[in-house]
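Undergrad: What would the 3D arrangement of this be:
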Amino acid sequence: MAGYETLLVETHGAVLLIRLNRPQALNAVNGVLTGELLRCLNEFDADGKLRCAVITGSEKAFAAGADVKDMVDKTAAQMLAGNYFAEFDQISRIRKPIIAAVAGFALGGGCELAMMCDFIIAAETAKFGQPEITL
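TA: This is a model prediction of the structure:
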């Protein structure tokens, strides 16, 4: 489990720690991050030595929603045709337990990512929300 641009991955015994690593964008979810996360979780699911995964971000943000820069030049029809949520949905099909360790912002897609996990452990600083309803 190596070679990720947007993730920092390490193992601690039978636990896989996945840290979202887009600090300049407050870990905003984009296509690269989603694809890498799905690939990492599929490798985790197939690894007989690993029993649990923990997904986390930074102190400031677990994930501050979707990266709007990724979508700015797309029409609504292109967004629907591109099925941008198919990979994200596959995360919920991983058979082994996944824990979201949330500190800071978990907004929009970041909130949804946390909800796809089997358990959420939230720090006192965690803030969950769906601000895109005002866009």
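Undergrad: Report the central residue of this protein.
TA: residue 113 (5.0 Å; C-alpha atoms, centre = their mean).
Undergrad: Go ahead and confirm residue 27 touches residue 58.
TA: Yes: with contacts counted by C-beta atoms under 8 Å, residue 27 reaches residue 58, the gap being 6.7 Å. C-beta here means a position set from N, CA and C on the backbone, and glycine is covered the same way.
Undergrad: Overlap in contacts, the two.
TA: Common neighbours of residue 27 and residue 58 (criterion: C-beta atoms under 8 Å, 6 or more residues apart in numbering): residue 20.
Undergrad: Among the two, which residue is more densely surrounded?
TA: residue 27 (29 against 17; other C-beta atoms under 10 Å).
Undergrad: any idea which helix or strand carries the residue nearest to the centre of the chain?
TA: Residue 113 belongs to helix 109-116 when assigned by DSSP states H and E.
Undergrad: what does residue 36 give?
TA: helix 31-46.
Undergrad: just the strands in this protein please.
TA: All strands of the chain, identified by DSSP state E, fall at 7-12, 15-20, 52-56, 61-64, 98-102, 105-107, 119-122, 127-129.
Undergrad: possible to save the ones you listed as TSV with mean neighbour count, mean pLDDT and distance to residue 45?
TA: Converted to TSV, these look like this (neighbours: other C-beta atoms under 10 Å; pLDDT from 0 to 100; distance: least, C-beta to C-beta, whole Å):
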stretch	mean neighbour count	mean pLDDT	distance to residue 45
strand 7-12	14	98	14
strand 15-20	20	99	10
strand 52-56	21	99	9
strand 61-64	27	96	21
strand 98-102	22	99	10
strand 105-107	25	97	23
strand 119-122	15	98	16
strand 127-129	15	96	26
